[in-house]
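Novice: kindly generate the corresponding structure for this input.
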Amino acid sequence: MMSICLQNISPAKSKYGRIVVRITIRLLLLLLAIVAPVSAQNAADTVESLAGIQITTSVDLAEIYIGDLITYKIAISYDSTYQLIPPPLGVNLGAFDVRDYTPDVTTDLPDGRKHTENSFTLSTFTTGEYLIPPVPVGFILPDGSKRYLLSESVPIKVNSMLLDSDDTADIAALKDPYEFERDYFAYYLWGSIAFIAIALGLFLWWRFGRRKVEQEPIDLRPPWEQAFERLANLKQQPVPEDGNFKAYYIDLTEIAREYLGRMYIINVLDMTTSEFLNHFAERETPADLHNNMKLFLDHADLVKFARFDPEQERADSDFDFVHATVGDVRDDFEHRQRELEAAQEKTTVSAGGGGGHD
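Specialist: Sure thing, here's the model as predicted:
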């Protein structure tokens, strides 16, 4: 019987408070009515032994240090007429924590029985002498009833890491850090070699490279004189015996493009043929220069990139075209230069005359 005192409940409490109390009391009584028969039934099902059943427990280490892992095994041999209810994974193992679990391994024994092993990996972080408590192992008998057997408890001694001393022993103070003597010979050696190599490289650059740059003459001649000289040198080269004019046209187009670029102050050497022609389409050039130059460059591209072999007469005709173009552009440039100088002189004279009237 359970007695519940209600003397502390004030009459001033609301009607709802009394209802809550009554409901709580009824739930407690209902819970006791359910739990009590189940506990009594489990206690009644636990027996000390059953025919044909043997349960053994073992550990690989009976004495460990704190934090060590131990393997706890439960070996069960039972009659094949019984149905085993294996120990649950969350079984209570006292002060030990389950780190790993190996599932049941069941084998048949020669006498017709079955053999099952359950393995637990345990550890603990407290010292002292402990017992792994008995583990309930259930069986379903042929008549359908359940019986439980308890395994033997296993003693385990957990030692402190401070062996041969108590846990309260003082920890020794830290020693001074040890300083390793560093050998700087390798640093000095490789540093010196690197310094000498850099210094030698700078000296050689200053001695030979700088002089070479300084000695290279700057050609101050007009662009048309340089172009005529390069054309003369190209003309003196022997005609390819195999009819391969690719190198010839590379030099010829480079002379023409570089000359026009210098005359009209355009960096045309890195341009494609179409880009080159587009730039000169907007310039004031001699008559028909743009159209003739397009025909020449398109033909030269066929020779340079499409492996087209022209006739010797066409190669000579293209050479004459480039030679004439150099002269025509020079004459056009000089003519425009004279017109510009005349206009400037006229402007100067007009400005001087206007000043005299003042």
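Novice: OK, contacts around residue 252?
Specialist: Contact partners of residue 252, counting by C-beta atoms under 8 Å, 6 or more residues apart in numbering, are 234, 300, 318-319, 322. All C-beta atoms are positioned from the backbone trio N, CA, C, and that covers glycine.
Novice: mind telling me what element it is part of?
Specialist: helix 246-263 (DSSP states H and E).
Novice: relative to residue 284, which of the contacts of residue 252 is nearest.
Specialist: Distance to residue 284, by C-beta to C-beta, is smallest for residue 322 among the contacts of residue 252, at 20.4 Å.
Novice: my read: the closest one touches residue 296, true?
Specialist: Yes: assessed by C-beta atoms under 8 Å, residue 322 is found in contact with residue 296 at 7.3 Å.
Novice: intersection of neighbour lists for those two?
Specialist: With C-beta under 8 Å, 6+ apart as the test, residue 322 and residue 296 both reach residue 256.
Novice: pLDDT on the helix holding residue 252, on average?
Specialist: For helix 246-263, mean pLDDT is 89.
Novice: same thing with stretch 155-173?
Specialist: Here the average pLDDT along stretch 155-173 is 68.
Novice: quick revisit: quick check, nearest of the contacts of residue 252 to residue 109?
Specialist: Looking across those and measuring by C-beta to C-beta, the closest to residue 109 is residue 300, at 98.4 Å.
Novice: about what we covered before: show me which of the contacts of residue 252 is closest to residue 112.
Specialist: Sorting the contacts of residue 252 by distance to residue 112 puts residue 300 at the head of the list, at 101.9 Å, by C-beta to C-beta.
Novice: quickly find the element holding that closest one.
Specialist: helix 289-305.
Novice: which elements pack onto the strand ranked longest in the chain?
Specialist: Longest strand in the chain by number of residues (criterion: DSSP state E): strand 97-108. Judged by 3 or more C-beta pairs under 8 Å, 6 or more residues apart in numbering; DSSP states H and E, strand 97-108 is in contact with strand 114-123.
Novice: list the buried residues of the strand it packs on.
Specialist: 116-118, 120, 122-123 (16 or more other C-beta atoms under 10 Å).
Novice: same deal with stretch 138-148?
Specialist: Buried, per 16+ other C-beta under 10 Å, within stretch 138-148: 138-139, 147-148.
Novice: what's the closest of these to residue 219?
Specialist: residue 138 (108.1 Å).
Novice: just checking, that closest one touches residue 148?
Specialist: Yes: the pair residue 138 / residue 148 is scored as a contact, 5.0 Å apart, by C-beta under 8 Å.
Novice: intersection of neighbour lists for the two?
Specialist: By C-beta under 8 Å, 6+ apart, no residue touches both residue 138 and residue 148.
Novice: and the strands in the stretch 51-200 of the chain?
Specialist: 54-59, 63-65, 70-78, 83-85, 97-108, 114-123, 128-132, 136-140, 146-150, 154-159 (DSSP state E, counting those that start in this stretch).
Novice: can you list the neighbours in contact with stretch 104-120?
Specialist: Here stretch 104-120 makes contact (C-beta under 8 Å, 6+ apart) with 52, 71-80, 84, 86-87, 93, 98, 100-102.
Novice: which parts of the stretch 151-300 of the chain are helices?
Specialist: With DSSP state H, counting those that start in this stretch as the criterion, the stretch 151-300 of the chain has helices at 185-204, 210-215, 223-236, 246-263, 273-281, 289-305.
Novice: for those, which one ends up most surrounded?
Specialist: Each of those was scored by mean neighbour count; the highest is helix 246-263, a mean of 19, by mean count of other C-beta atoms under 10 Å.
Novice: the inter-axis angle of that helix versus helix 223-236?
Specialist: On the basis of axes from the mean of the first three to the mean of the last three C-alpha atoms, to 10 degrees, helix 246-263 is oriented at 170 degrees to helix 223-236.
Novice: how about helix 246-263 as CSV, C-alpha atoms only?
Specialist: Extracted in CSV, the C-alpha atoms of helix 246-263 (Å, rounded to 0.1, in the frame of the first residue of the first chain):
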residue,chain,number,x,y,z
LYS,A,246,59.3,29.6,-98.0
ALA,A,247,62.4,31.2,-96.4
TYR,A,248,62.6,33.6,-99.3
TYR,A,249,59.1,34.9,-98.8
ILE,A,250,59.5,35.1,-95.0
ASP,A,251,62.4,37.5,-95.5
LEU,A,252,60.6,39.4,-98.2
THR,A,253,57.4,40.0,-96.3
GLU,A,254,59.3,40.9,-93.2
ILE,A,255,61.2,43.6,-95.0
ALA,A,256,58.0,45.0,-96.4
ARG,A,257,56.0,44.9,-93.2
GLU,A,258,58.8,46.3,-91.0
TYR,A,259,59.4,49.1,-93.5
LEU,A,260,55.8,50.2,-93.6
GLY,A,261,55.5,49.9,-89.9
ARG,A,262,58.4,52.3,-89.4
MET,A,263,57.2,54.7,-92.0
